[in-house]
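1. Give me the fold of what follows.
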Amino acid sequence: QVQLVESGGGLVQAGGSLRLSCAASGRTFSSYAMAWFRQAPGKEREFVAAISRNGASTYYADSVKGRFTISRDNAKNTVYLQMNSLKPEDTAVYYCAARVRNYSDRFGAYDYWGQGTQVTVSS
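-> From the prediction side, this is the model:
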C-alpha cells in the first residue's frame, strides 16, 4: 500500500508557472506507475499526465501537451508536475495517483490517490 500527499498548488496569473509535488510513502515507489488527474468544479475528473515506473515513458492529455511536464525521482519517492504557460481553464484540484501496472489514462485504473491540491489560474 502507498500513501500520496500532494503539495505546491496555489494562485497564479495566466501565463505563470507552478510545480506540483506528490510524495509517496513506502519503499516500493518504483513499482508504481504514477499519474496526475484534475477536477474542476462541476466537471468529471480528467487525466493530465502519466509516467512509467522507471520514468522512461510519459504520456499527456492533448490539453496540456507542450506546457506540462511530469517527472519522478524514485530515490525521493516523489513525482512532479511542472506546469508552464498556465491558463484559466487549468484551474482545478490536482490529484496524483498510483497503480502497480503500466501507466494508464483511465481514472478507474489507479489504486491509490492523494487528497488533492488546488490550482487557481487568474485571467
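2. mind checking how far residue 105 is from residue 46?
-> 9 Å (CB to CB, to the nearest Å). Any C-beta I mention is one placed from the backbone N, CA and C, and that applies to glycine too.
3. Common neighbours of the two, please.
-> Counting by CB atoms under 8 Å, 6 or more residues apart in numbering, the shared contacts of residue 105 and residue 46 are residue 61.
4. Taking the centroid of this structure, which residue is nearest it?
-> Nearest to the geometric centre of the chain sits residue 36, at 2.4 Å (CA atoms, centre = their mean).
5. quick one: which helix or strand includes that residue?
-> strand 33-39 (DSSP states H and E).
6. Give me the buried positions along the next helix or strand after that strand.
-> As assigned by DSSP H and E, the chain's next helix or strand after strand 33-39 is strand 46-51. Neighbour-count burial for strand 46-51, counted by 16 or more other CB atoms under 10 Å, picks out 47-51.
7. try stretch 62-82
-> 64, 68-70, 72, 77-81.
8. first vs last residue of it, how far apart are they?
-> The first and final residues of stretch 62-82 sit 16 Å from each other (CA to CA, to the nearest Å).
9. Next, the contact list for the residue nearest to the centre of the chain, please.
-> Counting by CB under 8 Å, 6+ apart, the residues that residue 36 touches are 20, 22, 48-50, 70, 79, 81, 94-97.
10. ok, of the buried residues of strand 46-51, which one's closest to residue 117?
-> Nearest to residue 117 among the buried residues of strand 46-51 is residue 48, at 12.5 Å by CB to CB.
11. With adjacent residues omitted, what lies nearest to that closest one?
-> residue 36 (4.3 Å; CB to CB, 6 or more residues apart in numbering).
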